[in-house]
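> Just the structure for this:
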Amino acid sequence: MTRRLLVTDDAIIIREMIKDAAMEAGWDIAGEASNGEEAVAKYLELRPDACTLDLVMPHYDGLHGLRGILAADPQARVCVVSALDQKHVLKEAFQIGAADFIVKPFDRKFLIETLDKLVPAALGKV
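Sure, this is the predicted structure:
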């Protein structure tokens, strides 16, 4: 079964790093977004198994995106990928309902382990 991932970050290089690591581990990339508003729209359109979400982005930040995604799908599996110096925002993300957190810069192996915990291979969509 294929697991589908939505990747959200305003930095193209970070999106590419996440996509490359996820694809190597057998994930399909359902889509990508560059801010919280796009993340909500893409999530609603694509209904991925999981989503990575940066917190600090222009226009609509990751907290906006997290609220929108979880309002549409309370079971959404959202992994925050952000810098450690955003502790106050990270705390709020967990209060809203983020499933997990990865610190930038991240280790590829840890990224995949975290995504695999969120959506084990057996739970992917057919």
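> can we go C-alpha only for contacts and neighbour counts from here?
Fine.
> most centrally placed residue in the chain?
When the chain is reduced to its mean C-alpha position, the closest residue under CA atoms, centre = their mean turns out to be Thr52, at 1.0 Å.
> Surely that one touches Val80?
Yes: Thr52 is within contact range of Val80, at 5.7 Å (criterion: CA atoms under 8 Å).
> if we can go back for a sec, for the residue nearest to the centre of the chain, which three-state class applies?
Going by DSSP: H, G, I helix; E, B strand; the rest coil, the secondary structure assigned to Thr52 is strand.
> Show the contacting residues for Ile112.
The contact partners of Ile112, by CA atoms under 8 Å, 6 or more residues apart in numbering, come to Ala21, Ala22, Ala25.
> So what's the residue count around Asp61?
A total of 20 residues lie near Asp61 under the criterion other CA atoms under 10 Å.
> go on, Pro58?
Other residues within reach of Pro58, judged by other CA under 10 Å, total 12.
> Now restrict the contacts of Ile112 to buried residues only.
With neighbours counted by 16 or more other CA atoms under 10 Å, the contacts of Ile112 contain buried members at Ala21, Ala22.
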